[in-house]
Every structure is written in structure tokens, then in C-alpha cells.
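>>> For reference, the sequence and a predicted model appear below.
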Amino acid sequence: MAKLSTLFVMLAALFWGLSGGIGGVLMADGWDPLVVSLYRGAIGLVFVLVWLALRPGGSGLTDRRLWFWSAMAGLGVAGNFTFYFVSISEGSVAVAATLMYCAPVFVFLVSFALRLERPTPLKWVAIVMVMLGIVLLTRLYDVQPGGVTPVGVIAGLLSGLSYAVFIFGFKYAAPHGSPQAILVIAFAVLSLILFSLGDTQQTLSALSTSSWPLFVTLGVLGAGVSFILYIVGLNYTAPAVASIVAMVEPVTASLFGVVVLDESLVAIQLVGMGLILLTVTALSVSTSTR
């Protein structure tokens, strides 16, 4: 069961990586990042609703604390999806995915501020290494025309920060209800927020466009199946193993960008990407092992 669970986590990371590339294709066709994010979350909502209907026990839906923290998780995942796709549209899939992978660093910084985690010299060194990797990856010191824009960099980092908000919301909601109930509330909040903020005309036109297979694939892989696989897989997967397997996401997204979207990275950007991926993974593994 442990091997199968690790495979579930790996598949979830793979699907998340592919979803970044699919979102890049849709935005290259002129679709707004908010609309792309909305359909990703709304289709995910359908899947977790079915999951909740099949396993309604211990949902905790009568608990106000579950609703509050799940709504907070919904705000986080809405920001994560949207800023991620904005970062892709303003730069590249590889850069956006790697910047989002910095989420554990934001988790540590928030934990330091809330005194949930004790800062150590090793953790501060890791954070500095990640920041150096960000500078190299985004080439902040030498912004070129057609390269990653400042908006792309900020959006990528905000996607990581938003993911950290989702992690905290999910963590504090978990004692009060089931994972499927938390995700139902979170994706419902996401759908309401993004529908109200997005272009209504474009949102409705997506239902009859020739791009609808891509929207469906994005929702199924990027939110529906992937979140369920990840949560089920975590039940029997050691956190350290899950942290390592999670590297599949940015690597898959980067390969999709290079192969399908004809993106490219120079040597110094590859060094920055490697620095971020290795440092964040090592930090996550050491913390989860402890």
C-alpha cells in the first residue's frame, strides 16, 4: 500500500505539472488567467462533491470552525491558481512553477512570525539560498525584453504565498472535518470569488468554444483527480518521501514548457532552478523527518 500511495502522490504532482502547461496553452489562445483558474477549480469542485457524496461520514459540515478554515483554504487556492497562471502569462511555465515551489519557504516565514516554528541558522541559510536561486532563475539583475516581467516574478511568488495560505487553512480545518468536505468548501469559495472577478462573457463563452476539451482536461488533472490522489496518497506516504516526489511538478511543468510551448532557459536560470528545487526539497525533508 505504501508503494501505491507514493505512486498516487507522484501522479498528483505530475498532473499539477501538466496543468501548468495546459493553462499556458489556453492563455496563449487568448483566455484570461482568471477564467482558466475558475474552470480548473470549478471542475475540481464537481469531483470532490462526488467524493463527499460517496464518503459523507465525519464531514463536520455543521462545525463553524471547519467552514472558517476551509474558506481560508479556498482563498489560498484561488490565489494560488490565479497568480500561477498570471506568472505563466507574464513569463514562462518553468519559472512560474519553480517560483510556486517556494511555498514551503513562505510556510516557514509565517510559522516564524506566529511562533509555530523555531528559526534556526540552517533554516535561514536555506531561505537565503532559495532567494539567491530566485534571483538567478528570474534574472532580476538583467531583465531582457520578452523575458520574465516583474509582474511575472511577483505573481509567481504570490502563488507560492497563496499556496502557503491554503496549507495553513487546510491544516487548521482538518481536525474539524473530512478532507473531502474541506475541499468542497474551498473549491466552492474559489468558484464564487473567481466568477465574480472574471470576465463573465468569456467565462460563458468557454462552454461552447473549441477549447473546451483543454478546459476539461485542466480541471480533471489540475484539481479533480490530482487533489484526491494526493490526499489519499499522503495517508500512507512518509512526509519526507512526499517532499521529494513533489519535485515532479516543477520538472514536468518545465519540460512541458520547453517541448510544447517552445520555451527556453539559459544556463544561469537552470542553476537557479536547481538551487531552489534542491534547497526546498532538502528543507522539507529535514523538517518532516524531524
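Happy to help now that I have it. Numbering: from 1, shown residues only.

>>> What sits closest to Phe170 if chain neighbours are left out?
Closest residue to Phe170 in three dimensions, ignoring its sequence neighbours and counting by Cβ to Cβ, 6 or more residues apart in numbering: Ala73, at 4.7 Å. Every residue, glycine included, has its C-beta placed from N, CA and C.

>>> Next up, the contacts around the one you found.
For Ala73, the set of contacting residues under the criterion of Cβ atoms under 8 Å, 6 or more residues apart in numbering consists of Val165, Phe166, Gly169, Phe170, Ala173, Ile182, Ile185, Ala186.

>>> how close does the second one sit to Gln202?
Right, Phe166. Distance from Phe166 to Gln202, counting by Cβ to Cβ, to the nearest Å: 25 Å.

>>> Compare the two (neighbour count), which wins?
Phe166 (22 against 15; other Cβ atoms under 10 Å).

>>> Now the element after the helix or strand encompassing the more buried one, going C-ward?
When elements are assigned from DSSP states H and E, Phe166 belongs to helix 150-173. Once helix 150-173 ends, the next helix or strand along the chain (criterion: DSSP H and E) is helix 179-197.

>>> Not counting its own residues, what contacts that next one?
The list of residues contacting helix 179-197 from outside it, by Cβ under 8 Å, 6+ apart, reads 34, 37-38, 41-42, 44-45, 48-49, 51-52, 55, 59-61, 66-67, 69-71, 73-78, 81-82, 166, 169-170, 173-174, 203, 223, 227, 231.

>>> PyMOL command to pick out the buried ones of those residues?
Of the contacts of helix 179-197, the buried ones go into a single PyMOL selection, burial set by 16 or more other Cβ atoms under 10 Å:
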select buried, resi 34+37+38+41+42+44+45+48+51+52+59+60+61+66+67+69+70+71+73+74+75+76+77+78+81+82+166+169+170+173+174+203+223+227+231
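
>>> Look up phi and psi at the spatially most distant residue from the centre of the chain.
Residue farthest from the centre of the chain, counting by Cα atoms, centre = their mean, is Thr62 at 28.3 Å. Reported as degrees, to the nearest 10, the phi and psi values for Thr62 are phi -90, psi 0.

>>> Could you tell me which residues within the helix or strand of the chain with the lowest mean pLDDT count as buried?
The least trusted helix or strand in the chain, going by mean pLDDT, DSSP states H and E, turns out to be helix 239-245, with a mean of 71. Within helix 239-245, the residues that qualify as buried by neighbour count (16+ other Cβ under 10 Å) are Ala240, Val241, Ala242, Ser243, Ile244, Val245.

>>> Between those residues, which sits nearest Ala97?
Looking at these and their distance to Ala97, the nearest is Val245, at 15.2 Å (Cβ to Cβ).

>>> got the contact list for stretch 42-53?
Stretch 42-53 is contacted by residues 59, 178, 180-181, 183-184, 187-188, 190-191, 215-216, 218-220, 222-225, 227-228 when judged by Cβ under 8 Å, 6+ apart.

>>> repeat that for 6 Å
For stretch 42-53, contacts defined as Cβ atoms under 6 Å, 6 or more residues apart in numbering pick out Gln180, Ala181, Leu183, Val184, Phe187, Ser191, Gly219, Ala223, Gly224, Ile228.

>>> ok, now stretch 102-109?
The contact list for stretch 102-109, computed with Cβ under 6 Å, 6+ apart, reads Ile127, Val130, Gly160, Leu161, Tyr163, Ala164, Ile167, Val280, Ser284.

>>> for the stretch 1-150 of the chain, what spans make up the helices?
Counting by DSSP state H, counting those that start in this stretch, the stretch 1-150 of the chain has helices at residues 2-28, 33-54, 64-90, 93-100, 103-113, 121-138, 150-173.

>>> Distance from the chain centre to the second one, please.
The gap between where helix 33-54 is centred and where its chain is centred comes out at 14 Å by Cα atoms, centre = their mean, to the nearest Å.
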